[in-house]
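[1] Okay, predicted coordinates and the sequence, questions at the end:
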Amino acid sequence: MQTRRIGDAQVSAIGLGGMPLSIEGRPDEARAVATIHAALEAGVTLIDTADAYSLGGPDTGHNEALIARAVASFGGDTSEVLIATKGGHLRPGDGTWTLDGTAAHLKQACEDSLKRLGVEAIGLYQFHRPDPDTDYAESIGALRDLLDQGKIRFAGISNANPEQIRLADEILGGRLVSVQNQFSPEFRSSEPELRLCEEMGVAFLPWSPLGGITKAAELGSRFAAFNEVAARHGVSPQQVTLAWMLAKSPVVIPIPGSSRPETIRDSAAAVHLELSAEDITALDAA
């Protein structure tokens, strides 16, 4: 598996987004674990999760606990696996999503995630989404404190704009290692953040790179250029999408969600797909 860098860690160029394994419509545990194991077998060493990936309420932390069990039960070497989780986004249990970016909440959320993941330090801890009711500097200050205390190995942010990226890196003393923003064939407005990350040497992790849970399967029918390039190479349009993202910059590490072993295997194979300059031009213009 091709690798890329997050901080001083080498991780697979394609990660696994765990969200579909724990929210509405999630598979049973056997298939969920099989999906995570398939990712590990394919060489995936970055798994992204969040405490909010659940059905909410008492189910909070479902995805973190699931991933911890799956990694622990995998028969192969998992010493290089980096589990990235997030705090600051909540699901109360009534179908809604809420925000809490206060330092007190983030520090407690980190403690809870440490227990669910069964680790002494979280590999990558990310501030999930800016909270308009909390000063951004306070939220990032909590990550700085967690870094200084050794509770987390790396700090990242999600759903951030260029100003927030620069501010976060300043507050963290130059220790920001990743930015996780939405980016896909349909949603391309995060190009400025991607270019800033490249300039800073910070990993850029596109979430929902295939368009999200409900749209990923329709990608080829919705974007003709991706379907045409896929047909030329004899692969899926989803695989083309991930290869296109990898070709954009060496800091890009897509984290497609998956709820079936076959889909994460297909996604992981994108690292072997070499697109021509003509392919990339067509996809950029799509």
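    Perfect, thanks for sending it. Numbers count the residues shown, from 1 in each chain.

[2] Give me the distance from the worst-scoring helix or strand of the chain on mean pLDDT to the chain's centre.
    Within the chain, confidence by mean pLDDT, DSSP states H and E is lowest for helix 219-222 among all helices and strands, at a mean of 90. Relative to its parent chain, helix 219-222 has a centroid offset of 22 Å by CA atoms, centre = their mean, to the nearest Å.

[3] That one: which residues count as buried?
    219-220 (16 or more other CB atoms under 10 Å). (Each C-beta comes from the backbone N, C-alpha and C, glycine too.)

[4] Excluding covalently adjacent residues, which one is nearest to residue 259?
    If the residues on either side of it in the chain are set aside, residue 259 comes closest to residue 20, at 4.3 Å by CB to CB, 6 or more residues apart in numbering.

[5] what sits against that neighbour?
    Shown in contact with residue 20 (CB atoms under 8 Å, 6 or more residues apart in numbering): 26, 213, 257-259.

[6] Now do the least confident helix or strand of the chain: which elements does it pack against?
    Packing partners of helix 219-222 (3 or more CB pairs under 8 Å, 6 or more residues apart in numbering; DSSP states H and E): helix 224-233, helix 237-248.

[7] which pair in the contacts of residue 20 spans the largest distance?
    Greatest spacing in the contacts of residue 20, by CB to CB: 26 and 258 (11.7 Å).

[8] between those two, who's got more neighbours?
    Taking neighbours as other CB atoms under 10 Å, residue 26 and residue 258 compare with residue 258 leading, 29 against 19.

[9] Within its local environment, how many residues does residue 55 see?
    Residue 55 is flanked by 15 other residues according to other CB under 10 Å.

[10] Okay, residue 181 and residue 110: tell me how far apart.
    Distance, residue 181 to residue 110, by CB to CB, to the nearest Å: 22 Å.

[11] Likewise for residue 172?
    Distance from residue 172 to residue 110, by CB to CB: 15 Å.

[12] same check, this time on residue 104
    To residue 110, residue 104 is 11 Å away according to CB to CB.

[13] which of those two has more neighbours?
    In this view residue 104 and residue 110 are compared by other CB under 10 Å, and residue 110 has more residues nearby, 22 against 10.

[14] Please tell me I have it right and that one contacts residue 151.
    Yes: contact criterion CB atoms under 8 Å: residue 110 and residue 151 qualify, at 5.7 Å.

[15] what's near enough to touch the closest residue to residue 218 other than its chain neighbours?
    Among residues not flanking residue 218 along the chain, residue 211 sits closest, at 7.6 Å (CB to CB, 6+ apart). Residue 211 makes contacts with 184-187, 218-219, 222, as judged by CB under 8 Å, 6+ apart.

[16] Could you give me the PyMOL selection string for whichever of these are buried?
    Buried members of the contacts of residue 211, defined by 16+ other CB under 10 Å, are picked up in PyMOL with:
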select buried, resi 184+185+219
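
[17] tell me which of the contacts of residue 211 is nearest to residue 247?
    Distances from residue 247 to the contacts of residue 211, taken by CB to CB, are shortest for residue 185, at 13.5 Å.
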